[in-house]
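Novice: Show me the folded form of this:
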Amino acid sequence: MNTPPRTRTVIGCTLLVTALGAGFAACGSDGNPLSDKPYDAADQISFNGPAEGKRADPDKPLEVTAKDGEGRITDVTAQDATGRYVAGELAADGSRWHSTSPLAANAHYTVQVSTEDDDGAPGRKVLSFDTSKPTTKKRLNVTFGPDAGEYGVGQPITAQLDQEVKDRAQRAVVERALRVDSTPAVPGAWYWVSGKELHYRPKEYWPVHATVRVHSNLDGVRVGDRLWGAGSKPLKITTGDKLVAVTDAAAHQMTVYKNDKEINQIPVTTGKPGYETRNGVKVILAKQYFVRMRGTTVGIAEGSSDSYDLPVYYATRVTWSGEYVHAAPWSVGSQGYENVSHGCTGMSTGNAEWFFDTVREGDIVKVVNSNGDPMEPFGNGFGDWNVTWAKWRTGSALANGRPDGPAPEAAVRLQPESV
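Specialist: Numbers count the residues shown, from 1 in each chain. Below you'll find the predicted structure:
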């Protein structure tokens, strides 16, 4: 009795090959066909590859077909010289296998085909071919961020594209080629912020002292009509300890946790009525020892009662629109008691110096119990952690059941400062 053939599927951007079915049945000469040396299956299959001395068109899918009455295909793997697998589907009756992901241009491929005859004896054929160069010079370049280095556990990975990709099928091609690997491994996903920007984050924060490597397999891959992937520079970052600073705007206190243990409590002042500090999770963007802060940069008229022009020290930036955690010696009398700032979190110079020296880019600053608007998910810094994991998954071009319509566009980055 014959059992259904095995099928092999390549899973998206992870490039994992998974066996999905049962193995072989029937008997060979010793009752165990797996112990038999596979015969040459050349006469058992047909392949739509190029003629000898020719190159295959990378725009056309691969197809391997079992000849009538010559058994069936049990397994096919196709891989280029760089290790990239081609996704494919095998018919349930083993009559045909075809590729479901695009081939790379100007690449060398090896295809391994496994078969079995009507008696269950295994056959094998290894095929190889080269693909032609793309007919267009238009390339899609990817730049990963942030810069290499050590970051806090909240740091998202970014991918900037130099060409806009709107079509969902084309986005899926791009997304499958962008790989993020962390040690220790954690689940994560890409989110299309716009047609030219993706963010990647784990379901939870990165593990402490993790190594995160990012690279693209897009080089030579056809993305769409007259658009091909280009090579990109890989990225490696590491994470440090888990630092989370929680500011309670109603209690006028900041509590700082290191690896989930409280290490400091700091009296603070946050935004006064009309200038309330944003609620939500923010990621530290930069640290600046000195910043000149002026009210005109946030729309406050010079000479008005709210106008200011101040030298500010130990400034830790959390939004592009000018929200910082910084030294505010002029408001020490209000710190711990009332909110008097124009949106920033102010503290004494000594506490601001301690905070500045303790945190790094990628660490978390969370504001609760403020009357301010919620932190924007994108465009004003990294508000990625304010998106639920379920919602985040819908921002992937590979997710099932994603709502129709384009991904949200990122807002323009602004550079003002508030105090």
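Novice: helix/strand/coil for residue 171?
Specialist: Under DSSP: H, G, I helix; E, B strand; the rest coil, the three-state class of residue 171 is helix.
Novice: Check residue 163 too.
Specialist: coil.
Novice: what about it, how many neighbours?
Specialist: Counted with other Cβ atoms under 10 Å, residues neighbouring residue 163 total 16. For the C-beta atoms, the positions are set from N, CA and C on the backbone; glycine is no exception.
Novice: how about stretch 80-100: buried residues?
Specialist: By neighbour count on 16 or more other Cβ atoms under 10 Å, the buried set for stretch 80-100 is 80, 84, 85, 86, 87, 88, 90, 94, 96, 97, 99.
Novice: ah, wrong one, I meant stretch 323-333
Specialist: 323, 324, 325, 326, 327, 328, 331, 332.
Novice: what's the answer for stretch 379-399, then?
Specialist: Within stretch 379-399, the residues that count as buried by 16+ other Cβ under 10 Å are 379-387, 392-399.
Novice: quick check, distance from that stretch to the centre of its chain.
Specialist: The chain centre lies 10 Å from the centre of stretch 379-399; the measure is Cα atoms, centre = their mean, to the nearest Å.
Novice: Begin at 21, not 1, for the rest of this chat.
Specialist: OK, 21 is where the count begins now, so the last one is stretch 399-419.
Novice: per-residue confidence averaged over that stretch?
Specialist: For stretch 399-419, mean pLDDT is 96.
Novice: CA-only coordinates of that stretch in PDB, if you can.
Specialist: Extracted C-alpha coordinates of stretch 399-419, given in PDB (Å, rounded to 0.1, in the frame of the first residue of the first chain):
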ATOM      1  CA  GLY A 399       7.100  59.400  13.300                       C
ATOM      2  CA  ASN A 400       7.800  61.200  16.600                       C
ATOM      3  CA  GLY A 401      10.400  58.800  17.900                       C
ATOM      4  CA  PHE A 402       9.900  55.100  18.700                       C
ATOM      5  CA  GLY A 403       6.400  54.600  20.000                       C
ATOM      6  CA  ASP A 404       6.300  51.100  18.600                       C
ATOM      7  CA  TRP A 405       5.700  49.500  22.100                       C
ATOM      8  CA  ASN A 406       2.300  51.300  22.300                       C
ATOM      9  CA  VAL A 407       1.000  49.000  19.600                       C
ATOM     10  CA  THR A 408      -0.400  45.800  20.900                       C
ATOM     11  CA  TRP A 409       1.200  42.600  19.500                       C
ATOM     12  CA  ALA A 410      -2.000  41.600  17.800                       C
ATOM     13  CA  LYS A 411      -2.200  45.000  16.000                       C
ATOM     14  CA  TRP A 412       1.500  44.900  15.300                       C
ATOM     15  CA  ARG A 413       1.100  41.500  13.500                       C
ATOM     16  CA  THR A 414      -1.400  43.100  11.100                       C
ATOM     17  CA  GLY A 415       1.200  45.500   9.900                       C
ATOM     18  CA  SER A 416       3.100  42.600   8.300                       C
ATOM     19  CA  ALA A 417       2.600  41.900   4.600                       C
ATOM     20  CA  LEU A 418       2.900  38.200   5.500                       C
ATOM     21  CA  ALA A 419       0.100  38.300   8.200                       C
END
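Novice: For the stretch 171-320 of the chain, which segments count as helices?
Specialist: Using DSSP state H, counting those that start in this stretch, the helices of the stretch 171-320 of the chain run over residues 188-197.
Novice: so who does residue 354 touch?
Specialist: 289, 360 (Cβ atoms under 8 Å, 6 or more residues apart in numbering).
Novice: Can you tell me the element it falls in?
Specialist: Under the criterion of DSSP states H and E, residue 354 resides outside all helices and strands.
Novice: pLDDT score for it?
Specialist: 97.
Novice: Pop out the phi and psi values for it.
Specialist: Torsion angles at residue 354 (phi, psi; degrees, to the nearest 10) stand at phi -100, psi -20.
Novice: same question, residue 369
Specialist: phi -60, psi -40.
Novice: isn't it right up against residue 347?
Specialist: Yes - using Cβ atoms under 8 Å, residue 369 makes contact with residue 347 at a distance of 4.3 Å.
Novice: shared neighbours of those two, anything?
Specialist: Both residue 369 and residue 347 are contacted by 333, 334, under the criterion Cβ under 8 Å, 6+ apart.
Novice: which stretches of the stretch 71-220 of the chain have low pLDDT?
Specialist: Where the stretch 71-220 of the chain drops to pLDDT under 70, the residues are 154-157.
Novice: Can you show me the strands along it?
Specialist: Along the stretch 71-220 of the chain, counting by DSSP state E, counting those that start in this stretch, strands occupy 83-86, 92-100, 108-110, 116-119, 128-136, 142-150, 159-160, 162-165, 169-171, 177-181, 198-203, 208-214, 217-222.
Novice: which strands and helices sit next to the third one?
Specialist: In other words, strand 108-110. Judged by 3 or more Cβ pairs under 8 Å, 6 or more residues apart in numbering; DSSP states H and E, the packing partners of strand 108-110 are strand 28-31, strand 92-100, strand 116-119.
Novice: Please identify the most buried of these.
Specialist: strand 92-100 (a mean of 22; mean count of other Cβ atoms under 10 Å).
Novice: what's the angle from it to strand 142-150?
Specialist: 30 degrees (axes from the mean of the first three to the mean of the last three Cα atoms, to 10 degrees).
Novice: Quick one: list the elements packing against strand 92-100.
Specialist: So strand 92-100, by 3+ Cβ pairs under 8 Å, 6+ apart, packs with strand 28-31, strand 83-86, strand 108-110, strand 116-119, strand 128-136.
Novice: could you dump those to CSV with distance to residue 243?
Specialist: What follows is the helices and strands packed on strand 92-100, written out as CSV (distance: least, Cβ to Cβ, whole Å):
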stretch, distance to residue 243
strand 28-31, 18
strand 83-86, 22
strand 108-110, 19
strand 116-119, 16
strand 128-136, 19
